[in-house]
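Visitor: how would this look folded up:
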Amino acid sequence: MKILLVLPVSRKNVLGKSFAFNLPFLGLITLASHTPEDVEVVLIDERVDKIDFNEKYDLVGITVMTPLAPRAYQIAHKFKEKGIKVVLGGMHASALPEEVLEHADSVVIGEGEKIWSTLLEDVKNERLQKRYQADNFMDLAELLAPKREFLNKEKCAPVEFVETTRGCPFGCHFCSVTHFFGGRYRTRPVDNVIEEIKTFKPTKKRFSIKNVVFFVDDNIIGRREHAKELFEKIKPYGLNWLGQASLDIAKDEEMLKLAADSGCMGLLIGFESLSDDVLKNVAKKANKVSDYMEAVKKIHSYGLGIMGSFVFGFDADDTNVFSKCIDFAEEAKLEGVYLGILTPYPGTRFYDQYKREGRLLHSNWEFYDTSNVVFKPTKMTEKELKEGYLWAYKRAYSLKSMFKRLKHTTALKSFVWPMNVGFNLTVRKIAKALK
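Guide: Numbering: from 1, shown residues only. Purely as a prediction, here's the structure:
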């Protein structure tokens, strides 16, 4: 049996044409590792490869993020017209399975690893079902290391993505993680992670920093003992790593020291808003605005950089929110800033709320990319929200702002400066794409 796995891309939205670099991905290459050995797997990343629709396959599997859904549906229909079975999975498919089934023969709801071999066996026996969903969430002790040989590393940023946990107990109203991965924090045995790290192979030198790893976990410190064990055991491998963490890490000096000693270059932290009212309304319980500045100083004191993530468009936000955000980023000397327009993705509480209130402007999923306005804001116009977002991004990655933020950084300068230059190029592409 021969199958095709596809990571689609849309040239119509920001995700398809704006990033200055291609990042690796884990979902499909992990699914490939859970594919039986007697099944031939072909994997296409549309960012760097083209699909040959004349090739014969027994099954085509497509992963679907919301802004890429229209392109995924196009691909599905082209293969279905040739009599080839198509299955769709991913966050969008799990949130709107009925919609997906209008375009595919089958849908995988939730995590796919546990039921993948069953689905393939059904394909072999010509009994493919409409829906597949595991009875419970994946035990991460059973998770196989992804098959990285499927990645086109010469066309991706020289960084390895690694997963050590899944799930998030917080349930912020704008986030789809809890819906997809569950509200229980699950950990992968650290020794399994180490065995995966041991397999990493050096690539041709295209970057001044070696052994760069990004831990994709939504909150790498979500279970303290697991994080401590991880940080201790990765020390011998000389990693330069990045991850995502809640602001709680600033309250734990032992964890900060362990992170720094184990090679952490910086953390992506979701500040989200500079309003306590907003944080309360969206259930971002771990954050308190009055703690922000001291927390940043504490994290910086260990030589760790911070990529601050902020969202614009909450109901309490007015047009002052943009300058306040960038003023804070410059005063706090954040090493990076990631900005997004609030996007009510299917499967989130905001989507249900805005749909109920009649505030969704449309369901053209290609524009659900965090750079377009797809709902009616309350304290500004749609145009003001979009233009304010662009203004904030341009200012954050202007040479003047970068110099303010990075002049005295204690983080690894040979990483944060190139990263900011990369984002400067990305912002230019975003601005061009949104014209």
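Visitor: Please count neighbours and contacts with C-alpha atoms only from this point.
Guide: OK.
Visitor: how about the most far-flung residue of the chain relative to its centre, phi and psi?
Guide: The outermost residue of the chain, judged against the average C-alpha position, is Asn125 (35.5 Å), by CA atoms, centre = their mean. The phi/psi pair for Asn125 (degrees, to the nearest 10) reads phi -100, psi 10.
Visitor: i'd like the first residue to be 311 from this point on
Guide: In the new numbering, first residue 311, that becomes Asn435.
Visitor: And the pLDDT at it?
Guide: What the model reports for Asn435 is a pLDDT of 96.
Visitor: Next: the one 10 residues further on.
Guide: The pLDDT attached to Asp445 in the predicted structure is 89.
Visitor: before we move on, what about Cys478?
Guide: With respect to pLDDT, Cys478 has a value of 72.
Visitor: Tell me what Tyr648 is bridged to.
Guide: Residues in a beta bridge with Tyr648, per DSSP bridges, are Ser619.
Visitor: Could you find the closest non-adjacent residue to Ala555?
Guide: The shortest distance from Ala555 to any non-neighbouring residue, by CA to CA, 6 or more residues apart in numbering, is to Asn529 (4.3 Å).
Visitor: do Lys607 as well
Guide: Take Lys607 and drop its neighbours on the chain: the residue closest to it by CA to CA, 6+ apart is Ala642, 7.7 Å away.
Visitor: pLDDT weak spots in this structure?
Guide: 322-331, 479-493, 512-518 (pLDDT under 70).
Visitor: thinking the residue nearest to Ala555 is in contact with Ser556, fair?
Guide: Yes - the pair Asn529 / Ser556 is scored as a contact, 6.0 Å apart, by CA atoms under 8 Å.
Visitor: Among these two, which residue is more densely surrounded?
Guide: For Asn529 versus Ser556, the count of surrounding residues by other CA atoms under 10 Å is larger for Asn529: 25 against 18.
Visitor: then stretch 627-634 to CSV, C-alphas only?
Guide: Output in CSV follows, covering the C-alpha atoms of stretch 627-634 (Å, rounded to 0.1, in the frame of the first residue of the first chain):
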residue,chain,number,x,y,z
ASP,A,627,-9.2,47.0,23.7
ASP,A,628,-9.4,50.4,22.1
THR,A,629,-7.0,52.1,19.7
ASN,A,630,-4.5,52.9,22.6
VAL,A,631,-3.7,49.2,23.0
PHE,A,632,-1.1,49.2,20.2
SER,A,633,1.2,51.9,21.4
LYS,A,634,0.9,50.6,25.0
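Visitor: for that stretch, the distance to its chain's centre please.
Guide: 25 Å (CA atoms, centre = their mean, to the nearest Å).
Visitor: Now that stretch: buried residues?
Guide: Neighbour counts using 16 or more other CA atoms under 10 Å place 627-629, 631-633 of stretch 627-634 among the buried residues.
Visitor: Let's see which of those residues end up in helices.
Guide: Members of the buried residues of stretch 627-634 lying in helices (criterion: DSSP state H): 631-633.
Visitor: Dump these into a markdown table; add distance to Gly400 as well.
Guide: Output for those, formatted as a markdown table (distance: CA to CA, whole Å):
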| residue | distance to Gly400 |
| --- | --- |
| Val631 | 33 |
| Phe632 | 32 |
| Ser633 | 36 |
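Visitor: tell me the strands in the chain, going along the chain?
Guide: 312-317, 350-355, 369-373, 395-399, 416-418, 441-442, 470-472, 475-476, 496-497, 522-525, 550-554, 574-582, 615-622, 646-651 (DSSP state E).
Visitor: So for Leu735, which of these sits nearest?
Guide: strand 646-651 (13.7 Å; CA to CA).
Visitor: which residues are contacting the closest one?
Guide: Outside strand 646-651, the residues that touch it by CA atoms under 8 Å, 6 or more residues apart in numbering are 616-623, 639, 680-683, 695-696, 699, 703, 706, 726, 729-730.
Visitor: how is this protein carved up into domains?
Guide: What automatic domain parsing lists as the domains of the chain is 312-442, 468-743.
Visitor: got TSV for those, with distance to Met448 too?
Guide: Compiled in TSV, those are given as follows (distance: least, CA to CA, whole Å):
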stretch	distance to Met448
domain 312-442	7
domain 468-743	9
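Visitor: So for this protein, the centremost residue is which one?
Guide: Geometric middle of the chain (CA atoms, centre = their mean) lands on Val526, at 7.5 Å.
Visitor: How about Asp415: what's its closest non-neighbour residue?
Guide: Using CA to CA, 6+ apart, the nearest residue to Asp415 is Val396, at 5.4 Å.
Visitor: what about that neighbour, distance to Ser320?
Guide: Counting by CA to CA, to the nearest Å, the separation of Val396 from Ser320 is 19 Å.
Visitor: Which residue of the two possesses the greater neighbour count?
Guide: Of the pair Val396 and Ser320, Val396 is the one with more neighbours under other CA under 10 Å, namely 27 against 18.
Visitor: Surely the more buried one and Gly371 touch.
Guide: Yes - between Val396 and Gly371 there is a contact under CA under 8 Å: 5.9 Å.
Visitor: Tell me which other helices or strands the lengthiest helix in the chain touches.
Guide: Taking DSSP H as the assignment, the helix of the chain that covers the most residues is helix 723-743. Here helix 723-743 touches helix 324-327, strand 646-651, helix 692-706, helix 709-716, going by 3 or more CA pairs under 8 Å, 6 or more residues apart in numbering; DSSP states H and E.
Visitor: now the longest one: how far from the chain's centre is it?
Guide: This points to helix 692-706. With CA atoms, centre = their mean as the basis, the mean position of helix 692-706 lies at 22 Å from the chain mean.
Visitor: Repeat that for the second one.
Guide: Averaging C-alpha coordinates over strand 646-651 and over its chain gives two centres that are 13 Å apart (CA atoms, centre = their mean).
Visitor: I appreciate the help and will end here.
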